[in-house]
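>>> could you look at this predicted model? Sequence included:
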Amino acid sequence: MPDVLVDSRRRQLVGALEASGGRKVVDLAALLRVSRATVRRDLIDLERRGLVVRVRGGALPADTTPPSPALLPAETHVIGLIVPSASYYYPQVIDGVQAEAARRGARVVIGLSGYAHEHDAQRIDELHRSGASGLLIASPHGHGLAPDTYARLAATGLPFALIERRPPNPFLPCEFAVTDHRQGVYAAIRHFAELGHDRVALFTNGSPTAALLRQGHSAAVRHLGLTPGVPVVDSGRPAQGSTEAAPHYDAFLDACRDTGVRAALVHSDHDAIELLRRMASRGLRAPDDLALIAYDDEIAELADVPLTAVAPPKHAVGSQAAALLLDRLDHAARGTTPAPVRQVHLQPSLVVRASCGARPTARTAPPPSTKE
């Protein structure tokens, strides 16, 4: 019986290729309701028997000569990806880029800048020389791309898009996909307000996201009619858990006590967990003494008191950025009119756990918005 099923599936596969003139592996797998690995094994066997011709990402009927260039519009595309880190925040972004690239038959080559701005130009040049068709970049410092980095990207002559970054001049015709961090902060502070908190403090750690979080905090306090003048502290990015970091946490807790604040948004998860530890050393506990919401949701649920957290849509940011770039590469390959410049803003979600004092539930943000 298994051989009969295999033969039947392979006949369907050949029939689908003959009917369409060629299909991608991902499409064939969906059509036949089997895994991509199964389709690839079938194609290898069918090619040995002279019934199909395999190409990168898919297959053609055996009598197709030459292979149709329209089958896989992205089959020769190589995405050069530059991110600051492959260990925090960006793994899910990278997964999103890879998923979209795989879906469209493209390949991803990565370069790590290591949070050093001077490495940007080096990584851009390396990926350009390696034969990248286009570039995706998340520069290490600030959510506005440095002017010299933008100039270096433009000088390559390659299509490019930004990830979690905007161009240095907002009027430049530059494509990007970003998390709307100000919306994420607003969602967190609104949740605190719904729980009865009139004062909400903010702790940040000097990261590129800190400025946007401060903007979101200020706007939320104003729009929600909360009490201003609460502690807004940036630690300047000392190493988490270090002796240099401890005084910043203690000073923040002192400021919250002195101003009557009993709710705080903390960026990042690591800092929120360290803050919990410093609270415990004082005999304090979340949410009874100070309700907390973390920002990033990388390890928030693993805290001693599971942390409510703002969760940026990292995977979606990566896949959306890759789609922007691949669409532009496809238009260039076909010689068709390029699509309008697109700038995609994605809203984070709020994941409610124990640290804020509400019953744990999951909140999802509204659908992604696209601004052009």
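Cool, got the structure.
>>> CA only for contacts and neighbour counts going forward, please
Noted.
>>> check contacts around Val83.
The contact partners of Val83, by Cα atoms under 8 Å, 6 or more residues apart in numbering, come to 90, 110-114, 137-140.
>>> mind redoing it with 7 Å?
Contacts for Val83 (Cα atoms under 7 Å, 6 or more residues apart in numbering) come out as 111-113, 137-139.
>>> ok, those vs Pro287, which is closest?
Pro287 lies nearest to Ala138 out of the contacts of Val83, by Cα to Cα, at 35.2 Å.
>>> could you report the pLDDT at the closest one?
Listed pLDDT for Ala138 reads 90.
>>> same check, this time on Val232
97.
>>> what of Ala121?
pLDDT, Ala121: 86.
>>> that one: which element?
In this assignment (DSSP states H and E), Ala121 forms part of helix 119-129.
>>> what helices or strands is that helix leaning on?
helix 147-156 (3 or more Cα pairs under 7 Å, 6 or more residues apart in numbering; DSSP states H and E).
>>> what angle separates the helix it packs on from helix 119-129?
With axes from the mean of the first three to the mean of the last three Cα atoms, to 10 degrees as the basis, helix 147-156 and helix 119-129 are set at 10 degrees to each other.
>>> which parts of helix 147-156 are buried?
Across helix 147-156, burial judged by 16 or more other Cα atoms under 10 Å covers 149-150, 153.
>>> out of those residues, which comes closest to Gly21?
In terms of Cα to Cα, no member of the buried residues of helix 147-156 lies closer to Gly21 than Leu153, at 37.8 Å.
>>> now the buried residues of helix 147-156 as a markdown table including distance to Ala177 and pLDDT?
Shown next, in a markdown table, are these (distance: Cα to Cα, whole Å; pLDDT from 0 to 100):
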| residue | distance to Ala177 | pLDDT |
| --- | --- | --- |
| Thr149 | 17 | 92 |
| Tyr150 | 16 | 94 |
| Leu153 | 17 | 94 |
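>>> with only the CA atoms kept, save the helix holding Ala121 in PDB.
Extracted in PDB, the C-alpha atoms of helix 119-129 (Å, rounded to 0.1, in the frame of the first residue of the first chain):
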ATOM      1  CA  HIS A 119      31.700  47.800  11.600                       C
ATOM      2  CA  ASP A 120      28.800  48.900   9.400                       C
ATOM      3  CA  ALA A 121      30.800  50.000   6.400                       C
ATOM      4  CA  GLN A 122      33.000  46.900   6.600                       C
ATOM      5  CA  ARG A 123      30.000  44.500   6.700                       C
ATOM      6  CA  ILE A 124      28.300  46.300   3.900                       C
ATOM      7  CA  ASP A 125      31.400  46.100   1.700                       C
ATOM      8  CA  GLU A 126      31.900  42.500   2.500                       C
ATOM      9  CA  LEU A 127      28.400  41.500   1.600                       C
ATOM     10  CA  HIS A 128      28.500  43.600  -1.600                       C
ATOM     11  CA  ARG A 129      31.700  41.800  -2.700                       C
END
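>>> give me the residues contacting it.
Contacts to helix 119-129, defined as Cα under 7 Å, 6+ apart, come from residues 80, 111, 113, 139, 149, 152-153, 156.
>>> in helices only, show me the contacts of Val83.
Among the contacts of Val83, DSSP state H puts none in helices.
>>> what domains does the record give for this protein?
Under automatic domain parsing, the residue ranges defining each domain of the chain are 2-61, 78-172+315-346, 181-312+351-366.
>>> can you give me the buried ones in stretch 186-195?
Neighbour-count burial for stretch 186-195 [16+ other Cα under 10 Å]: 186-193.
>>> list just the nearest of those residues to Tyr295.
For the buried residues of stretch 186-195, the minimum distance to Tyr295 (Cα to Cα) is 9.0 Å, reached by Ala188.
>>> wait, what's in contact with that closest one?
310, 350.
>>> neighbours of Leu213, how many?
25 (other Cα atoms under 10 Å).
>>> helices or strands up against the longest helix along the chain?
In the chain, ranked by residue count with DSSP H as the criterion, the top helix is helix 314-334. Packing partners of helix 314-334 (3+ Cα pairs under 7 Å, 6+ apart): helix 90-103, strand 160-163, strand 175-179.
>>> separation between Val221 and Val185?
10 Å (Cα to Cα, to the nearest Å).
>>> with neighbour numbers in mind, choose between the two.
For Val221 and Val185, the more surrounded residue by other Cα under 10 Å is Val185, and the numbers stand at 27 against 22.
>>> what is the rounded mean pLDDT of the host helix or strand of the more buried one?
Using DSSP H and E, Val185 sits within helix 181-194. The average pLDDT within helix 181-194 is 98.
>>> what's the following helix or strand after it?
Scanning forward in sequence from helix 181-194 by DSSP H and E, the next helix or strand is strand 201-204.
>>> end to end, how far does stretch 20-31 reach?
Start to finish, the residues bounding stretch 20-31 are 12 Å apart (Cα to Cα).
>>> can you put the contacts of helix 119-129 in a markdown table and add distance to Asp27?
Below are those laid out as a markdown table (distance: Cα to Cα, whole Å):
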| residue | distance to Asp27 |
| --- | --- |
| Gly80 | 25 |
| Gly111 | 30 |
| Ser113 | 35 |
| Ser139 | 35 |
| Thr149 | 38 |
| Arg152 | 38 |
| Leu153 | 34 |
| Thr156 | 34 |
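>>> for the residues you listed, which one is nearest Gly15?
Of the contacts of helix 119-129, the one sitting nearest to Gly15 (Cα to Cα) turns out to be Gly80, at 36.5 Å.
>>> what about Thr259, how many neighbours?
A count of neighbours around Thr259, defined by other Cα under 10 Å, yields 13.
>>> and the pLDDT for it?
Model confidence at Thr259 (pLDDT) stands at 97.
>>> list the contacts for it?
Listed by Cα under 7 Å, 6+ apart, the contact set of Thr259 reads Val230.
>>> next one: His248
Residues in contact with His248 (Cα under 7 Å, 6+ apart) are Ser235.
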